[in-house]
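> Fold the following.
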Amino acid sequence: MVYHALDCLDDAIEATRAFLLPVDRRRWLTLAVVVFFLSGGSGVSSIPNTSVNVSGEFDLDGLAAQSLPELLDQFLPLVVGIAIVFAAVGLLFTLIGSIMEFVLVDSLRSESVAVREAMRTHLRSGLALFVFRIVLGLVVVAVVGGLAAVLVVPALGNDTQVLVGALVLVPVALVVGLIAALVHGLTTNFVVPTMIHDDRGLVSAWRRFWPVLWNNLAQFALYVVVRFALTLGVGIVAGIATGIAAVVVGVPFLFLGGAAFLGTGGTISVASAIVYGLLLALYVVLLLAVTAVLQVPLKTFTRYYELLVLGDIESDLDLVERRRDAIRT
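This next block holds a predicted model:
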């Protein structure tokens, strides 16, 4: 028996090398934007009872003297506002990342990178994937939250019952999370290419892919195992690369921050806090950009691997037949 999950590893490496080499700066930078989103980015005029002295330095003693209810009343609107902003940014990144899944697959199929054209072509499909991801996440939250409400919340105040409820809830939550992760992974890795190949909607693509999955359970089970190992390996490599990039990119910002600290005489003021915040934001943006560039070959490799496995198992859904033939001949 031929195990496609193993046979396609070397082919994915060769396909990645052929696609990315020789280095084309425009292609790499464009793919870095795609990878960035795949890895994924009420004003208050015044806050009452906040004590700021004339020099612009925060009165930390005044804040520490306030009671917890006073601090909650003072900062709760700010915390809620920040939470809403983060949620909105997260949804935006999820939406763009869902569309970029199709952009990357389309780029590997056509062996060219045209982000704007691919986004226009696959906008509706990306929206469908976005809705699917949101619904899947809500289902997980509802199931786990419902179990917590039944098993843990009524037992509050009784340590023994809370412990028993937690012992039941944790493994169930892990199983639910694993099932959701499996469904999400199969959808992203195989249903998305099916949507592109047959020009189908997400539900129709799942109907097309389901018989392929059911008739090749052993192949896909081995793929899940190999893909998990690849995720760990790629994660380690990406972590090392990100760590090195963090140090290299951070050195000049460390000097700039130190200079700003010495320039203000070592005091924390509103102006210096703004400077530190801007430096930190710029550092994070540059680090994310460098990390995205470094992850281009890793993401390209894993996506090629998934497409090669799908094409070997079901030739009628092969999106990279030309690249596969070029490698194997």
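> isn't Leu136 right up against Val183?
Yes - with contacts defined as Cβ atoms under 8 Å, Leu136 counts as touching Val183 at a distance of 6.6 Å. All C-beta atoms are positioned from the backbone trio N, CA, C, and that covers glycine.
> where do the contact lists of these two overlap?
Residues touching both Leu136 and Val183 by Cβ atoms under 8 Å, 6 or more residues apart in numbering: none at all.
> The closest residue to Met119 other than its chain neighbours: helix or strand, and which one exactly?
Leaving aside its sequence neighbours, Met119 sits nearest to Ile99 (Cβ to Cβ, 6 or more residues apart in numbering; 5.6 Å). Ile99 is part of helix 68-110 when elements are defined by DSSP states H and E.
> so what does whichever helix or strand comes after that helix touch, helix or strand wise?
Downstream of helix 68-110, the next assigned helix or strand under DSSP H and E is helix 115-121. Where contact means 3 or more Cβ pairs under 8 Å, 6 or more residues apart in numbering; DSSP states H and E, helix 115-121 is packed against helix 25-38, helix 68-110.
> and helix 115-121, which residues are buried?
Neighbour-count burial for helix 115-121, counted by 16 or more other Cβ atoms under 10 Å, picks out 115, 118-119, 121.
> any weak-confidence spans in this structure?
40-76, 155, 157, 261, 263-269, 271-272 (pLDDT under 70).
> Next, please give the residue ranges for the helices of it.
4-20, 25-38, 60-64, 68-110, 115-121, 123-151, 159-186, 192-198, 202-215, 217-263, 270-313, 321-328 (DSSP state H).
> Now find how far off-centre the longest one is within its chain.
Right, helix 217-263. Distance of helix 217-263 from the chain centroid (Cα atoms, centre = their mean, to the nearest Å) equals 13 Å.
> for the second one, same thing?
In terms of Cα atoms, centre = their mean, the gap separating the centre of helix 25-38 from the centre of its chain is 15 Å.
> how far off helix 68-110 does that helix point, in degrees?
On the basis of axes from the mean of the first three to the mean of the last three Cα atoms, to 10 degrees, helix 25-38 is oriented at 140 degrees to helix 68-110.
> Tell me the helices and strands packed up against helix 25-38.
So helix 25-38, by 3+ Cβ pairs under 8 Å, 6+ apart, packs with helix 68-110, helix 115-121, helix 270-313.
> what about 10 Å?
helix 4-20, helix 68-110, helix 115-121, helix 270-313 (3 or more Cβ pairs under 10 Å, 6 or more residues apart in numbering; DSSP states H and E).
> And for Asp316, the neighbour number?
A count of neighbours around Asp316, defined by other Cβ atoms under 10 Å, yields 10.
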